[in-house]
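Participant: the sequence and its predicted three-dimensional model are supplied below.
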Protein chains: 2
Amino acid sequence: MNRFLSHATNRIDAKGRVSVPSAFRAVLSDGGVRELYCFQDFVFPAISVGGPELLDRFEKQMAAEDPFSDVANQMSLLVHGGGVFVKLDPEGRLMVTDFIRDFTGISTDVTFVGRGDHFQLWEPQAFARAQAEAREGRKQRGLRPE
Amino acid sequence: MNRFLSHATNRIDAKGRVSVPSAFRAVLSDGGVRELYCFQDFVFPAISVGGPELLDRFEKQMAAEDPFSDVANQMSLLVHGGGVFVKLDPEGRLMVTDFIRDFTGISTDVTFVGRGDHFQLWEPQAFARAQAEAREGRKQRGLRPE
DNA sequence: GCTTCTCCCATTGACGCCCATATGGTCCCA
DNA sequence: TGGGACCATATGGGCGTCAATGGGAGAAGC
(Lines give C-alpha, C1' and ligand atoms only; values in the text may rest on other atoms or scores of the structure.)
Protein backbone atom coordinates (compact mmCIF):
# COMPACT_ATOMS: atom_id res chain seq x y z
CA MET A 1 0.00 0.00 0.00
CA ASN A 2 1.50 3.30 -1.05
CA ARG A 3 -1.36 5.65 -0.33
CA PHE A 4 -2.88 7.12 2.79
CA LEU A 5 -6.21 5.41 3.25
CA SER A 6 -8.80 4.90 5.96
CA HIS A 7 -8.93 6.65 9.29
CA ALA A 8 -8.05 6.02 12.93
CA THR A 9 -8.40 7.87 16.21
CA ASN A 10 -5.62 7.98 18.80
CA ARG A 11 -5.32 9.62 22.18
CA ILE A 12 -3.01 12.47 23.09
CA ASP A 13 -0.86 11.61 26.12
CA ALA A 14 0.06 13.81 29.08
CA LYS A 15 3.01 15.24 27.18
CA GLY A 16 0.93 16.29 24.21
CA ARG A 17 2.08 13.51 21.92
CA VAL A 18 -0.01 11.25 19.71
CA SER A 19 0.92 8.13 17.76
CA VAL A 20 0.64 8.27 13.99
CA PRO A 21 -1.19 5.11 12.91
CA SER A 22 1.12 2.31 11.90
CA ALA A 23 -0.30 2.11 8.37
CA PHE A 24 0.47 5.79 7.74
CA ARG A 25 3.98 5.45 9.11
CA ALA A 26 4.54 2.58 6.70
CA VAL A 27 3.58 4.82 3.77
CA LEU A 28 5.96 7.51 5.02
CA SER A 29 8.90 5.21 5.49
CA ASP A 30 8.31 3.78 2.03
CA GLY A 31 8.92 7.27 0.73
CA GLY A 32 11.85 7.75 3.08
CA VAL A 33 10.12 10.71 4.68
CA ARG A 34 11.27 11.67 8.18
CA GLU A 35 10.21 15.29 8.38
CA LEU A 36 6.66 16.32 7.67
CA TYR A 37 5.13 19.54 6.46
CA CYS A 38 1.67 20.55 7.57
CA PHE A 39 -0.73 23.41 7.06
CA GLN A 40 -4.37 24.32 7.38
CA ASP A 41 -6.84 22.81 4.94
CA PHE A 42 -8.60 25.35 2.72
CA VAL A 43 -12.06 23.97 3.25
CA PHE A 44 -12.21 21.90 6.43
CA PRO A 45 -11.08 22.56 10.01
CA ALA A 46 -8.24 20.08 9.56
CA ILE A 47 -4.48 20.08 9.33
CA SER A 48 -3.00 18.49 6.20
CA VAL A 49 0.20 16.58 6.67
CA GLY A 50 2.59 15.16 4.12
CA GLY A 51 6.11 14.97 2.84
CA PRO A 52 7.83 17.54 0.65
CA GLU A 53 5.96 16.33 -2.42
CA LEU A 54 2.80 17.70 -0.86
CA LEU A 55 4.23 21.16 -1.35
CA ASP A 56 4.87 20.35 -4.99
CA ARG A 57 1.27 19.48 -5.46
CA PHE A 58 0.04 22.80 -4.16
CA GLU A 59 2.61 24.72 -6.10
CA LYS A 60 1.35 23.05 -9.24
CA GLN A 61 -2.15 24.11 -8.34
CA MET A 62 -0.95 27.65 -7.78
CA ALA A 63 0.81 27.62 -11.11
CA ALA A 64 -2.50 26.75 -12.72
CA GLU A 65 -4.04 29.89 -11.28
CA ASP A 66 -3.34 33.37 -12.47
CA PRO A 67 -0.14 33.99 -10.47
CA PHE A 68 -1.32 37.45 -9.42
CA SER A 69 -4.85 36.51 -8.56
CA ASP A 70 -6.22 36.70 -5.06
CA VAL A 71 -6.61 32.93 -4.98
CA ALA A 72 -2.97 32.25 -5.78
CA ASN A 73 -1.90 34.95 -3.39
CA GLN A 74 -3.90 33.51 -0.55
CA MET A 75 -2.78 29.97 -1.27
CA SER A 76 0.84 30.99 -1.11
CA LEU A 77 0.24 32.82 2.14
CA LEU A 78 -1.31 29.73 3.67
CA VAL A 79 0.90 27.04 2.20
CA HIS A 80 4.26 28.74 2.18
CA GLY A 81 3.86 31.01 5.15
CA GLY A 82 1.26 29.16 7.19
CA GLY A 83 2.92 25.76 7.19
CA VAL A 84 4.79 24.14 10.04
CA PHE A 85 7.36 21.36 10.17
CA VAL A 86 6.68 18.39 12.39
CA LYS A 87 9.03 15.62 13.40
CA LEU A 88 8.21 12.11 14.50
CA ASP A 89 9.88 10.61 17.55
CA PRO A 90 11.39 7.09 17.42
CA GLU A 91 8.01 5.57 18.30
CA GLY A 92 6.28 7.41 15.49
CA ARG A 93 4.53 10.05 17.58
CA LEU A 94 4.14 13.75 16.86
CA MET A 95 3.62 16.74 19.15
CA VAL A 96 0.17 18.29 18.99
CA THR A 97 1.04 21.97 19.12
CA ASP A 98 -1.26 24.91 19.72
CA PHE A 99 -1.07 25.62 16.00
CA ILE A 100 -2.85 22.33 15.46
CA ARG A 101 -5.18 22.58 18.42
CA ASP A 102 -6.41 26.08 17.70
CA PHE A 103 -7.31 25.44 14.10
CA THR A 104 -8.90 22.02 14.50
CA GLY A 105 -10.41 22.17 17.96
CA ILE A 106 -8.47 19.06 18.94
CA SER A 107 -8.18 18.60 22.69
CA THR A 108 -7.75 15.00 23.86
CA ASP A 109 -8.04 12.80 20.77
CA VAL A 110 -6.92 13.03 17.16
CA THR A 111 -8.53 11.39 14.14
CA PHE A 112 -6.04 10.65 11.38
CA VAL A 113 -7.72 10.70 7.97
CA GLY A 114 -6.09 9.34 4.83
CA ARG A 115 -6.45 11.48 1.71
CA GLY A 116 -4.48 9.50 -0.83
CA ASP A 117 -1.25 11.42 -1.19
CA HIS A 118 -1.41 12.99 2.28
CA PHE A 119 -3.30 12.66 5.51
CA GLN A 120 -5.11 15.01 7.85
CA LEU A 121 -5.58 15.64 11.56
CA TRP A 122 -9.16 16.15 12.68
CA GLU A 123 -11.07 16.62 15.85
CA PRO A 124 -13.01 13.32 15.95
CA GLN A 125 -16.52 14.76 16.08
CA ALA A 126 -15.78 17.38 13.44
CA PHE A 127 -14.69 14.59 11.13
CA ALA A 128 -17.86 12.63 11.76
CA ARG A 129 -19.94 15.69 10.95
CA ALA A 130 -18.04 16.61 7.79
CA GLN A 131 -18.30 13.05 6.57
CA ALA A 132 -22.03 12.91 7.17
CA GLU A 133 -22.49 16.16 5.27
CA ALA A 134 -20.36 14.98 2.38
CA ARG A 135 -22.36 11.78 2.16
CA GLU A 136 -25.57 13.70 2.17
CA GLY A 137 -24.43 15.99 -0.61
CA ARG A 138 -23.25 13.07 -2.63
CA LYS A 139 -26.55 11.32 -2.26
CA GLN A 140 -28.39 14.33 -3.59
CA ARG A 141 -26.17 14.61 -6.61
CA GLY A 142 -26.69 10.95 -7.36
CA LEU A 143 -23.03 10.06 -7.47
CA ARG A 144 -22.92 6.40 -6.73
CA PRO A 145 -20.28 3.80 -7.37
CA GLU A 146 -22.59 1.43 -9.17
CA MET B 1 -18.35 -18.15 -10.57
CA ASN B 2 -16.55 -14.85 -10.61
CA ARG B 3 -19.21 -12.56 -9.18
CA PHE B 4 -20.68 -12.06 -5.76
CA LEU B 5 -24.19 -13.48 -5.82
CA SER B 6 -26.88 -14.46 -3.37
CA HIS B 7 -26.82 -13.86 0.36
CA ALA B 8 -26.09 -15.68 3.60
CA THR B 9 -26.26 -14.93 7.30
CA ASN B 10 -23.54 -15.90 9.77
CA ARG B 11 -23.11 -15.39 13.47
CA ILE B 12 -20.55 -13.16 15.13
CA ASP B 13 -18.48 -15.04 17.71
CA ALA B 14 -17.38 -13.90 21.16
CA LYS B 15 -14.32 -12.17 19.73
CA GLY B 16 -16.35 -10.17 17.22
CA ARG B 17 -15.41 -12.24 14.17
CA VAL B 18 -17.68 -13.57 11.46
CA SER B 19 -17.01 -16.06 8.67
CA VAL B 20 -17.27 -14.75 5.12
CA PRO B 21 -19.41 -17.23 3.16
CA SER B 22 -17.37 -19.77 1.30
CA ALA B 23 -18.77 -18.75 -2.09
CA PHE B 24 -17.61 -15.17 -1.56
CA ARG B 25 -14.18 -16.27 -0.41
CA ALA B 26 -13.86 -18.28 -3.60
CA VAL B 27 -14.49 -15.17 -5.68
CA LEU B 28 -11.91 -13.28 -3.68
CA SER B 29 -9.23 -15.93 -3.94
CA ASP B 30 -9.83 -16.12 -7.69
CA GLY B 31 -8.76 -12.50 -7.79
CA GLY B 32 -5.91 -13.12 -5.39
CA VAL B 33 -7.37 -10.61 -2.94
CA ARG B 34 -6.30 -10.90 0.69
CA GLU B 35 -6.96 -7.38 1.93
CA LEU B 36 -10.35 -5.79 1.53
CA TYR B 37 -11.42 -2.18 1.42
CA CYS B 38 -14.83 -1.22 2.69
CA PHE B 39 -16.92 1.88 3.18
CA GLN B 40 -20.40 2.99 3.97
CA ASP B 41 -23.00 2.67 1.26
CA PHE B 42 -24.43 6.01 0.20
CA VAL B 43 -28.03 4.89 0.22
CA PHE B 44 -28.49 1.89 2.50
CA PRO B 45 -27.32 1.21 6.05
CA ALA B 46 -24.81 -1.29 4.72
CA ILE B 47 -21.05 -1.62 4.40
CA SER B 48 -19.70 -2.29 0.92
CA VAL B 49 -16.69 -4.56 0.70
CA GLY B 50 -14.41 -5.25 -2.20
CA GLY B 51 -10.87 -5.49 -3.38
CA PRO B 52 -8.60 -2.61 -4.30
CA GLU B 53 -10.25 -2.31 -7.71
CA LEU B 54 -13.32 -1.03 -5.93
CA LEU B 55 -11.21 1.89 -4.83
CA ASP B 56 -9.89 2.38 -8.34
CA ARG B 57 -13.39 2.89 -9.61
CA PHE B 58 -13.95 5.80 -7.24
CA GLU B 59 -10.62 7.32 -8.07
CA LYS B 60 -11.43 7.23 -11.74
CA GLN B 61 -14.57 9.12 -10.95
CA MET B 62 -12.59 11.62 -8.93
CA ALA B 63 -10.07 12.06 -11.69
CA ALA B 64 -12.92 13.07 -13.97
CA GLU B 65 -13.67 15.97 -11.65
CA ASP B 66 -11.58 19.07 -11.30
CA PRO B 67 -9.01 17.65 -8.88
CA PHE B 68 -9.20 20.68 -6.60
CA SER B 69 -12.93 21.25 -6.64
CA ASP B 70 -15.09 20.90 -3.58
CA VAL B 71 -16.76 17.88 -5.12
CA ALA B 72 -13.46 16.08 -5.54
CA ASN B 73 -12.44 17.15 -2.06
CA GLN B 74 -15.58 15.67 -0.55
CA MET B 75 -15.29 12.47 -2.55
CA SER B 76 -11.75 12.04 -1.32
CA LEU B 77 -12.93 12.61 2.23
CA LEU B 78 -15.48 9.83 1.88
CA VAL B 79 -13.53 7.36 -0.22
CA HIS B 80 -10.00 7.84 1.03
CA GLY B 81 -10.81 8.86 4.56
CA GLY B 82 -14.12 7.12 5.10
CA GLY B 83 -13.01 3.66 4.10
CA VAL B 84 -11.52 0.98 6.29
CA PHE B 85 -9.24 -1.92 5.55
CA VAL B 86 -10.34 -5.34 6.63
CA LYS B 87 -8.21 -8.43 6.67
CA LEU B 88 -9.39 -11.99 6.57
CA ASP B 89 -7.84 -14.44 9.00
CA PRO B 90 -6.62 -17.85 7.77
CA GLU B 91 -10.12 -19.25 8.24
CA GLY B 92 -11.71 -16.52 6.14
CA ARG B 93 -13.22 -14.49 8.96
CA LEU B 94 -13.29 -10.74 9.41
CA MET B 95 -13.55 -8.54 12.49
CA VAL B 96 -16.83 -6.69 12.91
CA THR B 97 -15.57 -3.36 14.18
CA ASP B 98 -17.57 -0.52 15.71
CA PHE B 99 -17.23 1.26 12.39
CA ILE B 100 -19.35 -1.50 10.87
CA ARG B 101 -21.68 -1.95 13.82
CA ASP B 102 -22.53 1.71 14.24
CA PHE B 103 -23.44 2.28 10.63
CA THR B 104 -25.36 -0.92 9.99
CA GLY B 105 -26.89 -1.69 13.38
CA ILE B 106 -25.30 -5.14 13.28
CA SER B 107 -25.07 -6.74 16.71
CA THR B 108 -25.02 -10.55 16.73
CA ASP B 109 -25.50 -11.67 13.12
CA VAL B 110 -24.34 -10.47 9.72
CA THR B 111 -26.07 -10.92 6.39
CA PHE B 112 -23.64 -11.03 3.48
CA VAL B 113 -25.23 -9.75 0.29
CA GLY B 114 -23.66 -10.23 -3.13
CA ARG B 115 -23.68 -7.18 -5.38
CA GLY B 116 -21.86 -8.44 -8.43
CA ASP B 117 -18.39 -6.97 -8.23
CA HIS B 118 -18.54 -6.44 -4.48
CA PHE B 119 -20.60 -7.56 -1.53
CA GLN B 120 -22.21 -5.89 1.45
CA LEU B 121 -22.68 -6.41 5.16
CA TRP B 122 -26.20 -5.92 6.46
CA GLU B 123 -28.06 -6.27 9.69
CA PRO B 124 -30.33 -9.25 8.83
CA GLN B 125 -33.66 -7.56 9.52
CA ALA B 126 -32.64 -4.35 7.80
CA PHE B 127 -31.81 -6.39 4.72
CA ALA B 128 -35.18 -8.12 4.80
CA ARG B 129 -36.95 -4.77 5.04
CA ALA B 130 -34.91 -3.10 2.31
CA GLN B 131 -35.49 -6.05 0.04
CA ALA B 132 -39.23 -5.98 0.65
CA GLU B 133 -39.34 -2.27 -0.05
CA ALA B 134 -37.29 -2.66 -3.20
CA ARG B 135 -39.64 -5.36 -4.42
CA GLU B 136 -42.61 -3.18 -3.69
CA GLY B 137 -41.15 -0.17 -5.41
CA ARG B 138 -40.12 -2.22 -8.39
CA LYS B 139 -43.61 -3.58 -8.71
CA GLN B 140 -45.07 -0.10 -8.83
CA ARG B 141 -42.62 1.14 -11.40
CA GLY B 142 -43.09 -1.88 -13.56
CA LEU B 143 -39.89 -3.90 -13.10
CA ARG B 144 -37.13 -1.73 -14.36
CA PRO B 145 -33.47 -2.34 -13.74
CA GLU B 146 -31.79 0.12 -11.38
C1' DG C 1 18.93 26.16 37.49
C1' DC C 2 14.59 25.46 35.55
C1' DT C 3 11.78 24.28 31.70
C1' DT C 4 11.12 21.91 27.44
C1' DC C 5 11.99 18.55 24.16
C1' DT C 6 13.98 14.04 22.72
C1' DC C 7 15.14 9.39 23.39
C1' DC C 8 14.60 5.01 25.76
C1' DC C 9 12.21 1.35 28.18
C1' DA C 10 7.94 -0.89 30.34
C1' DT C 11 3.12 -2.08 30.11
C1' DT C 12 -1.07 -3.48 28.16
C1' DG C 13 -4.45 -4.49 25.32
C1' DA C 14 -5.94 -5.62 20.71
C1' DC C 15 -5.37 -8.33 16.82
C1' DG C 16 -3.50 -12.12 13.84
C1' DC C 17 -2.29 -16.94 13.71
C1' DC C 18 -2.83 -21.46 15.13
C1' DC C 19 -5.34 -25.72 16.40
C1' DA C 20 -9.60 -28.03 18.04
C1' DT C 21 -14.54 -28.98 17.71
C1' DA C 22 -19.20 -28.96 15.85
C1' DT C 23 -22.56 -29.34 12.25
C1' DG C 24 -24.64 -30.18 8.11
C1' DG C 25 -24.49 -32.06 3.64
C1' DT C 26 -22.94 -35.43 0.17
C1' DC C 27 -21.33 -39.56 -1.57
C1' DC C 28 -20.70 -44.40 -1.42
C1' DC C 29 -21.94 -48.90 -0.43
C1' DA C 30 -24.63 -52.49 1.36
C1' DT D 1 -33.28 -46.91 -0.27
C1' DG D 2 -31.36 -46.44 4.14
C1' DG D 3 -27.27 -46.06 6.89
C1' DG D 4 -22.75 -44.69 7.68
C1' DA D 5 -18.38 -42.62 6.57
C1' DC D 6 -16.26 -38.63 4.85
C1' DC D 7 -15.64 -33.81 3.78
C1' DA D 8 -16.21 -28.91 3.91
C1' DT D 9 -17.72 -25.06 6.29
C1' DA D 10 -18.65 -22.65 10.26
C1' DT D 11 -17.45 -21.76 15.03
C1' DG D 12 -14.85 -21.59 19.48
C1' DG D 13 -10.83 -20.58 22.12
C1' DG D 14 -5.49 -20.34 23.39
C1' DC D 15 -1.37 -17.89 22.51
C1' DG D 16 2.16 -14.93 20.55
C1' DT D 17 3.21 -10.55 18.42
C1' DC D 18 2.94 -5.80 17.60
C1' DA D 19 1.10 -1.26 17.99
C1' DA D 20 -0.48 2.22 21.14
C1' DT D 21 0.30 4.35 25.39
C1' DG D 22 2.54 5.81 29.74
C1' DG D 23 6.37 7.31 32.32
C1' DG D 24 11.43 8.19 33.40
C1' DA D 25 16.00 9.98 32.37
C1' DG D 26 19.20 12.59 29.78
C1' DA D 27 20.16 16.58 26.66
C1' DA D 28 19.38 21.08 24.97
C1' DG D 29 17.58 25.73 25.28
C1' DC D 30 15.85 29.87 28.02
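Facilitator: Cool, the structure landed.
Participant: what is the neighbour count of the residue nearest to A:Gly50 when sequence neighbours are not counted?
Facilitator: Nearest residue to A:Gly50 in three dimensions, chain neighbours excluded: A:His118, at 3.4 Å (Cβ to Cβ, 6 or more residues apart in numbering or on different chains). C-betas here are computed from N, CA, C, even on glycine. Using other Cβ atoms under 10 Å in any protein chain shown, A:His118 has 22 other residues around it.
Participant: A:His118: what's it in contact with?
Facilitator: When contacts are counted by Cβ atoms under 8 Å, 6 or more residues apart in numbering or on different chains, A:His118 is found next to A:Phe4, A:Ser48, A:Val49, A:Gly50, A:Leu54.
Participant: what's next to the longest helix out of those in chain A, contact-wise?
Facilitator: With secondary structure taken from DSSP state H, chain A has its longest helix at helix A:124-141. Contact with helix A:124-141 is made by A:7, A:9, A:44-46, A:104-105, A:109-111, A:113, A:122, B:40, B:42-43, B:71, B:74-75, B:77-78, B:81-82, as judged by Cβ under 8 Å, 6+ apart.
Participant: now that helix: buried residues?
Facilitator: Neighbour counts using 16 or more other Cβ atoms under 10 Å in any protein chain shown place A:Pro124, A:Ala126, A:Phe127, A:Ala130, A:Gln131, A:Ala134, A:Arg135, A:Arg138 of helix A:124-141 among the buried residues.
Participant: a markdown table for those, including pLDDT and distance to DNA strand D?
Facilitator: Shown next, in a markdown table, are the buried residues of helix A:124-141 (pLDDT from 0 to 100; distance: Cβ to the nearest atom of the strand, whole Å):
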| residue | pLDDT | distance to DNA strand D |
| --- | --- | --- |
| A:Pro124 | 97 | 12 |
| A:Ala126 | 97 | 18 |
| A:Phe127 | 96 | 16 |
| A:Ala130 | 95 | 22 |
| A:Gln131 | 91 | 20 |
| A:Ala134 | 89 | 25 |
| A:Arg135 | 86 | 25 |
| A:Arg138 | 69 | 29 |
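Participant: and the furthest pair within these?
Facilitator: The two members of those with the most space between them (Cβ to Cβ) are A:Pro124 and A:Arg138, at 21.4 Å.
Participant: any regions of chain A where pLDDT drops low?
Facilitator: Applying pLDDT under 70 to chain A flags residues A:1, A:67, A:138-146.
Participant: do that again at 50, thanks
Facilitator: Chain A contains residues with pLDDT under 50 at A:143-146.
Participant: and the strands in it, which stretches?
Facilitator: A:7-11, A:17-19, A:35-40, A:47-50, A:84-87, A:93-95, A:109-114, A:119-122 (DSSP state E).
Participant: so which of those is nearest DNA strand D?
Facilitator: Proximity to DNA strand D, assessed across the strands of chain A by Cβ to the nearest atom of the strand, is greatest for strand A:7-11 (3.1 Å).
Participant: hmm, that closest one in reach of chain B?
Facilitator: Yes: judged by Cβ under 8 Å from any Cβ of the partner chain, strand A:7-11 and chain B are in contact via A:His7.
Participant: packing partners of that strand?
Facilitator: strand A:17-19, strand A:109-114 (3 or more Cβ pairs under 8 Å, 6 or more residues apart in numbering or on different chains; DSSP states H and E).
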